[in-house]
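Enquirer: predicted model and sequence below, questions to follow.
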Amino acid sequence: MTQVCHFLFVYGTLLPGDRGTTGRAQRARLARESKVLGSACTAGRLFNLGRYPGLVPSVGTDDVVHGELLELSDAERTLRWLDAYEGIVPGQHPHNEYERVLRPVALGEGTTVTAWVYEYRMEAQATAWIPTGRWLGEG
């Protein structure tokens with residue numbers, strides 16, 4: 001993951017307004033290392049995985065996941081510890097729960113940017129689908 005991109009889309013435990021205990025320290029650190037650009041969304045389905053959500057890409061549907069777009073002060077440094085938080089082992093490790101990918105993200109006023117997004121790679125239970133595409137900080 002050597003591409004330089006300073007934008008990050010967050011949709012779960014890293015949301016600035018999340019009040020859950022999961023990710024509390026990481027939210028605080030991310031707040032120090034980034035600037036909130038505003039509400040944003042990207043195509044996909046959001047699933048409740050218990051203490052945290054997972055975004056699964058969806059093709060050919062109108063499903064949308066809502067979150068916030070952040071601009072990272074030092075993307076390389078911040079993404080390194082975020083990858084560790086998300087449990088990503090470098091390379092295409094088969095046990096990685098998440099993968100960090102570049103995707104189009106739309107801001108509220110209609111501007112679209114390319115941003116890093118953590119996509120869930122495992123099989124998600126259909127019953128855990130969150131149709132609103134909004135995480136409520138349950139963890």
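Expert: Alright, I've got the coordinates.

Enquirer: separation between P94 and R121?
Expert: Separation of P94 from R121 (Cβ to Cβ, to the nearest Å) stands at 9 Å. Yep, even glycine has a C-beta here, placed from its N, CA and C like the rest.

Enquirer: nope, R100 is what I meant
Expert: Using Cβ to Cβ, R100 is found at 11 Å from R121.

Enquirer: over to T61?
Expert: From T61 to R121 the distance is 19 Å (Cβ to Cβ).

Enquirer: what about those two, which has more around it?
Expert: Between T61 and R121, counted using other Cβ atoms under 10 Å, R121 has the larger neighbour count: 17 against 9.

Enquirer: the more buried one: what's it in contact with?
Expert: Residues near R121 by Cβ atoms under 8 Å, 6 or more residues apart in numbering: 96-99.

Enquirer: narrow those to those that are buried.
Expert: For the contacts of R121, a burial check counting by 16 or more other Cβ atoms under 10 Å picks out 96, 98-99.

Enquirer: average model confidence for the helix or strand harbouring D83?
Expert: For D83, the element it lies in under DSSP states H and E is helix 75-85. Mean pLDDT, helix 75-85: 95.

Enquirer: packing partners of it?
Expert: Packing partners of helix 75-85 (3 or more Cβ pairs under 8 Å, 6 or more residues apart in numbering; DSSP states H and E): strand 7-10, helix 24-32, strand 98-107, strand 112-120.

Enquirer: most tightly packed of these?
Expert: Highest mean neighbour count among these (mean count of other Cβ atoms under 10 Å): strand 7-10, with a mean of 24.

Enquirer: show me the contacts for the spatially closest residue to L107 that is not a sequence neighbour.
Expert: Among residues not flanking L107 along the chain, A40 sits closest, at 5.1 Å (Cβ to Cβ, 6 or more residues apart in numbering). Taking Cβ under 8 Å, 6+ apart, we find A40 in contact with 9, 66-69, 105-108, 115.
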